[in-house]
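Undergrad: Need the 3D shape of this:
(2 chains)
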2 protein chains.
Amino acid sequence: MKAEIISTGTELLLGETLNTSAHFLTGKLSSLGIEVDYHTTVGDNPERLEQVIRQAIGRTDLIITTGGLGPTVDDLTKELVAKVLKLEMELDPSCLEQINQFFGRRKAPMPMNNEKQAYFPKGSKILPNPIGTAPGAIIEINGKTVIILPGPPFEMNPMFDNYVWPELQQTIEPTDERMYERVLKVFGMGESAIEEVLADLMSFPNLSMALLAKRAEMHIRMVSRSSYSKSEEAEDVLNQAEKEIRRRLGNKVFGRDQESMVGIVGQLLKNKQFTIATAESCTGGLLGAALTQEPGSSEFYLGGVVSYSNSLKQGLLGVSEKSLLEYGAVSEEVAKEMAKGIRSTAGTDLAISTTGIAGPDGGSEQKPVGLVCIGLATPEGVQAEKIQLYGERESVRQLTVQAALNRVRLHMLNIERRLQFGDG
Amino acid sequence: MKAEIISTGTELLLGETLNTSAHFLTGKLSSLGIEVDYHTTVGDNPERLEQVIRQAIGRTDLIITTGGLGPTVDDLTKELVAKVLKLEMELDPSCLEQINQFFGRRKAPMPMNNEKQAYFPKGSKILPNPIGTAPGAIIEINGKTVIILPGPPFEMNPMFDNYVWPELQQTIEPTDERMYERVLKVFGMGESAIEEVLADLMSFPNLSMALLAKRAEMHIRMVSRSSYSKSEEAEDVLNQAEKEIRRRLGNKVFGRDQESMVGIVGQLLKNKQFTIATAESCTGGLLGAALTQEPGSSEFYLGGVVSYSNSLKQGLLGVSEKSLLEYGAVSEEVAKEMAKGIRSTAGTDLAISTTGIAGPDGGSEQKPVGLVCIGLATPEGVQAEKIQLYGERESVRQLTVQAALNRVRLHMLNIERRLQFGDG
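TA: Numbering: from 1, shown residues only, chains lettered A, B, ... in the order given. So this is what the prediction gives:
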C-alpha cells in the first residue's frame, strides 16, 4: 500500500509552526510497512488545496490529511475532499451533540461557527476528538481511503493512535513485508564512541543500524525486514543484535523503544518500594516535573524543594552558611547538604539534588557555565559528583535532569546487583 | 514572487528525520515577502522526484530544492533539474579541486563517487559548501529560478544565509510588496469566542487575520501588505488593528510576537521589584521550571516547594491536617494554605500554589480529573480559584502552569492599574 500525506495550514508555510505531524505519521505508517511516497504542504487556499487533494487521490491508495478542520471559514479540508470525491456534505447529529457537550462542559454556549465541524462527506466514518471540537473522518470509496485528521498534534496524535492505527492494521496481509524496528537508548556515550564499539555489527545479516543523537541520549535504531507471517525471523535478528549491544555497552544502555529514562527510574524505585525526594537549584523544578510526568508517580515521589535562592537552601534544606561561603552554592559540598536535608525532611529512602550554572551568565574561570553538581543521599550516606555539561541554558538544565535520573538508576541497579550476588 | 520548496530524502518519509529545512526556508522566504505556495517532500526516487520538479517549474517562479546532492547513485537532484530544464551536465574544475582539498584536509583520498558532486547543469552559479562536499547551485532560465541546496541542515542553513539570502535580497525592488506580520497572544478565550468578538475586523482594509490554537493560548496572526518603501503604511494598519483588538479583548491579550506568558510575568515582577515563590502539587515542579526558564529569573524567583505528598504539604508548608481531612488536598482551602505557607517561609511579596487532579486516575464525581485549585498569597491576603481543565495528564499540567502564571499576571496588572488611578 502506498500513502501520501497532505498538511494544510498557512502557518506551516510561514516558518511559524514546525510540521511535526508529517514526521509522526510517516513514522507510524512506515512501521506498518506502508510506504509514504509524497508529503505535500499547502496553505489554507481553496484552489491549491483542492488541486493537491485531486492529484493525491489520482495517484495514491491512502491519503491522510491534517489540518483545515477548524470552525472558521478558511478551514475547508472536508469540503474539498467531498468536492473531489463528488460526495454531499451531511450533518452528523450525534457529532453535533458531542460538540455541544464540549461547550456544555465548559459552561459556554456553542458558537454558531462550530456547527460546521459536525458536517462530513457522506459515508464518512467519524473519528471522535475528546480533546478539541474537530472530529476526524475516514472515507473509503472506489478502492481509495482518505483519512481526515485535525492539525494540532495534541489532537491529531491520539486520534491516530486510538482510531486510525487499528483500522490500518486490519488492512495488512500476512505476506506483506514490513520493517521490524527496535531502538536501544544509551546515556553517557557519544555517537563516535558507540560507532567504534559497534562497527562490526553494522554487517549483521538482515539488519540495518543507525545512530541518532538526541539531546541527552543516543538512540541505536535497528531495523530488520520480514513478512508479517514470519515476524519471528526479524525478531530473532533484533534479539541477537540487542543482546550483543547490551553485552558491549553494559549499563550505558538504559532502555529500549518507548522506555524513557524517567520511566525506567520510576520502575526501579517501585520494584523496590523505594521513595525519593528532590532538592533542585539550577533545574528549578524540572527534575520534580520529570519524576511526576507519569501517572502513579506519587507511589515513589514525595516531593521536594526548589531552592533557587541561598536563603531557601538554608531555610528549607538546612544547608550551612559556612559551606555556601566556603565552597559556593555550586559545589559538591552544598549538593550533598541539599540531598541530606531534603531526605531527612521528607523521610524518603533516597534524595537527589542539583546545583549548577545553567548560564548564559554566572560562569567564572573556576566555575564555568555548564558546571553542575549532583548529590545523592541514601541510607548508607551521601555522595556527590561534579560534571561539566555543554550547550545553551535549556540544554544544560535538561541534561542535568537526565544525569540526575541516571545517577538514581545506577544506584538502584547497584542495589539489585548487590542483592543478587549477596555482597551487600 | 511565489516560491515552492522541494525536499528530497527517503529518511524524511520514514519518520526518522524531522524536516526542519522546510521550516527554516519558509521562515526566511516569508520574511523577505516571498510567498511559499507549496512544500513537497519526496523520497530518493527518480520518477517521483522528476515529476515533482517538473510540476514545480511549471507553476512557480522560484523553486528551492534540498537534498539529493550526495555522492551516491540515488542522489539525483541536479541531474533531474537538468533533465527538466533541458540542460547538459558540466564538470566544474575548480569545484572538483575544492572537493579534492576537502579530502586532503582529512588526509583521505577522494572516493571516485565524489567526482559526481562537481558536475552541474550548464549555466549554474555554484554555491560553495565549506562544511561538506556537496556544493549548491543557482540556475536562472526563462524567468524561473531554481536553487539547489544540500540536505543536512548544518550545511544547508549557512549556505542559504551566506549565498542565497543576499541574492534574493537583490531581486527585491523598493516597490515590491511584502508581508508585515504581527501576532497577538490571548489566554482564557477559545477560538470561536475570539472569532465572534473580532468578526467585523476580518474586513479591515489591507489586513488578513488568522487564529491559531496553541495548547494553552490562542494566537491572532495579522498580516498587512505594502511595498518595502512604504512599510509604515502596513505598520499603521497593524497598529490600528492591534489597538482595536486590545480594546475588545482587554487583558485577555497577554503579549505579542516573540513574547511568552512566562516572559511577561517575569517582566511585570521585575518592573515592580517583586519576588515570588511557588508551592506545587499537581504540577510537580513545572511551574518553578517555567519561572526559571529565562536567564535572570533569580531576580524575582526565590524558589518553592513541590509538596506532592500530604506529609510535605504539612511539614514544609504548614498546611493543617484539618483542612486536608475536611476539604481534601485538591481544594481552595489547601491551595490558600500552601500559598500562605511558602510566602511566609520564603519571605516573598507573592506566592502562587497549584493543587489538582492531573489524571488519568484519581478523579471522582465531586472532583473530576482536570479540577485544579490555584492559590495566590499577596501582602493583602490570600485567595484561591477553582478551575476545570480538560485533556490528558500533560495538558492538564501545562494548562495549570499557564493559568497560574496568568493569575500572577492579572494581579500585577491590577497593582499597576490601582497605582495609576490612585484607588489602591
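
Undergrad: what residues are up against residue A:70?
TA: Going by CB atoms under 8 Å, 6 or more residues apart in numbering or on different chains, residue A:70 touches A:117, A:134, A:151, B:191, B:211, B:213. The way it works is simple: take the backbone N, C-alpha and C, and place the C-beta from them, glycine included.

Undergrad: any idea which of the residues you listed is least confident?
TA: Lowest pLDDT of those: residue B:213, 81.

Undergrad: if I look at that one, how far off is residue A:68?
TA: Residue B:213 sits 13 Å away from residue A:68, going by CB to CB, to the nearest Å.

Undergrad: So between those two, which is more surrounded?
TA: residue A:68 (28 against 20; other CB atoms under 10 Å in any protein chain shown).

Undergrad: What is the burial count for the residue nearest to the more buried one when sequence neighbours are not counted?
TA: Once flanking residues are discounted, residue A:68 sits nearest to residue A:77: 3.3 Å by CB to CB, 6 or more residues apart in numbering or on different chains. Neighbours of residue A:77 under the rule other CB under 10 Å: 26.

Undergrad: Report the separation between residue A:77 and residue B:59.
TA: 21 Å.

Undergrad: And for residue A:122?
TA: Applying CB to CB to residue A:122 and residue B:59 gives a distance of 32 Å.

Undergrad: what's the answer for residue A:356, then?
TA: Distance of residue A:356 to residue B:59, given as CB to CB: 53 Å.

Undergrad: tell me what the helix or strand containing residue A:325 is packed against?
TA: For residue A:325, the host element (DSSP states H and E) is helix A:321-327. With contacts taken as 3 or more CB pairs under 8 Å, 6 or more residues apart in numbering or on different chains; DSSP states H and E, helix A:321-327 sits against helix A:310-317, helix A:332-346.

Undergrad: most packed of those helices?
TA: Neighbour counts (mean count of other CB atoms under 10 Å in any protein chain shown) averaged over each of the helices and strands packed on helix A:321-327 peak at helix A:332-346, with a mean of 25.

Undergrad: Tell me which residues touch the residue nearest to residue A:330 when sequence neighbours are not counted, please.
TA: Of all residues not flanking residue A:330 in the chain, residue A:355 sits nearest, at 5.2 Å (CB to CB, 6+ apart). Shown in contact with residue A:355 (CB under 8 Å, 6+ apart): A:281, A:282, A:329, A:330, A:331, A:334, A:335, A:338, A:372, A:373, A:375.

Undergrad: Does the first one touch residue A:329 like I think?
TA: Yes - Residue A:281 is within contact range of residue A:329, at 6.7 Å (criterion: CB atoms under 8 Å).

Undergrad: Quick check: neighbours shared by the two?
TA: With CB under 8 Å, 6+ apart as the test, residue A:281 and residue A:329 both reach A:313, A:355.

Undergrad: These two: which is more packed in?
TA: residue A:281 (32 against 22).

Undergrad: Let me know the distance separating the more buried one from residue A:319.
TA: 10 Å.

Undergrad: Quick one: residues contacting the residue of the stretch 101-250 of chain A found nearest chain B.
TA: As assessed by CB to the nearest CB, chain B sits closest to residue A:111 within the stretch 101-250 of chain A, at 3.6 Å. Residue A:111 is in contact with A:71, A:103, B:192, B:193, B:195, B:196, counting by CB under 8 Å, 6+ apart.

Undergrad: and if we set it to 7 Å?
TA: B:192, B:193, B:196 (CB atoms under 7 Å, 6 or more residues apart in numbering or on different chains).

Undergrad: got a winner among the residues you listed for most neighbours?
TA: residue B:192 (22 neighbours).

Undergrad: Not counting residues beside it along the chain, what's closest to that one?
TA: residue A:111 (3.6 Å).

Undergrad: Quick one, grab the pLDDT at the one you found.
TA: On pLDDT, residue A:111 comes in at 79.

Undergrad: touching chain B at all, stretch A:165-179?
TA: No - using CB under 7 Å from any CB of the partner chain, stretch A:165-179 stays clear of chain B, coming no nearer than 8.6 Å.

Undergrad: Could you list the buried residues of that stretch?
TA: A:168, A:178 (16 or more other CB atoms under 10 Å in any protein chain shown).

Undergrad: Distance of the residue lying farthest from the centre of chain A relative to residue A:334?
TA: In chain A, the residue that sits farthest from the middle, by CA atoms, centre = their mean, is residue A:322; the gap is 42.3 Å. With the distance defined as CB to CB, residue A:322 ends up 10 Å from residue A:334.

Undergrad: Quick one: mean pLDDT for the helix or strand harbouring residue A:41?
TA: Using DSSP H and E, residue A:41 sits within strand A:35-42. Strand A:35-42 shows a mean pLDDT of 94.

Undergrad: Only alpha carbons, please: show it as CSV.
TA: C-alpha atoms of strand A:35-42 as CSV (Å, rounded to 0.1, in the frame of the first residue of the first chain):
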residue,chain,number,x,y,z
GLU,A,35,5.3,3.4,2.1
VAL,A,36,4.8,7.1,2.1
ASP,A,37,5.6,8.4,-1.4
TYR,A,38,4.8,12.1,-1.1
HIS,A,39,4.2,14.6,1.6
THR,A,40,2.8,17.9,0.5
THR,A,41,2.2,21.1,2.5
VAL,A,42,-0.2,23.7,1.2
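
Undergrad: Give the buried residues for whichever helix in chain A runs longest.
TA: Using DSSP state H, we find that the single longest helix of chain A is helix A:393-421. Buried residues in helix A:393-421, counted by 16+ other CB under 10 Å: A:393, A:395-412, A:415.

Undergrad: how about the residues of the stretch 1-150 of chain A that lie near chain B?
TA: Residues of the stretch 1-150 of chain A lying close to chain B by CB under 7 Å from any CB are A:10-11, A:13-15, A:18-20, A:23-24, A:26-28, A:30, A:36-43, A:48, A:70-72, A:111, A:113-114, A:131.

Undergrad: Helices - which of these land there?
TA: A:20, A:23, A:24, A:26, A:27, A:28, A:30, A:48.

Undergrad: As TSV, those residues with distance to residue B:4 would be great.
TA: Output for these, formatted as TSV (distance: CB to CB, whole Å):
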residue	distance to residue B:4
A:20	21
A:23	20
A:24	24
A:26	20
A:27	25
A:28	27
A:30	25
A:48	11
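
Undergrad: Could you identify which of the residues you listed has the most neighbours?
TA: residue A:26 (27 neighbours).

Undergrad: check contacts around that one.
TA: Counting by CB under 7 Å, 6+ apart, residue A:26 has contacts A:5, A:36, A:39, B:13, B:14, B:15.

Undergrad: mind checking pLDDT for residue A:422?
TA: Listed pLDDT for residue A:422 reads 66.

Undergrad: tilt between the one helix or strand residue A:56 maps to and strand A:35-42?
TA: Secondary structure from DSSP H and E places residue A:56 in helix A:46-59. Taking axes from the mean of the first three to the mean of the last three CA atoms, to 10 degrees, helix A:46-59 and strand A:35-42 form an angle of 170 degrees between their directions.

Undergrad: Now helix A:46-59: buried residues?
TA: Under 16+ other CB under 10 Å, the buried positions of helix A:46-59 are A:48, A:49, A:50, A:51, A:52, A:53, A:55, A:56, A:57.

Undergrad: Let me know the closest of those to residue A:201.
TA: The shortest gap between residue A:201 and any of these belongs to residue A:56, at 39.7 Å (CB to CB).

Undergrad: near chain B, which residues of the stretch 201-350 of chain A show up?
TA: Neighbours of chain B within the stretch 201-350 of chain A, by CB under 7 Å from any CB: A:278, A:284-289, A:291-292, A:295, A:298, A:301-309, A:311-312, A:315-316, A:345-346.
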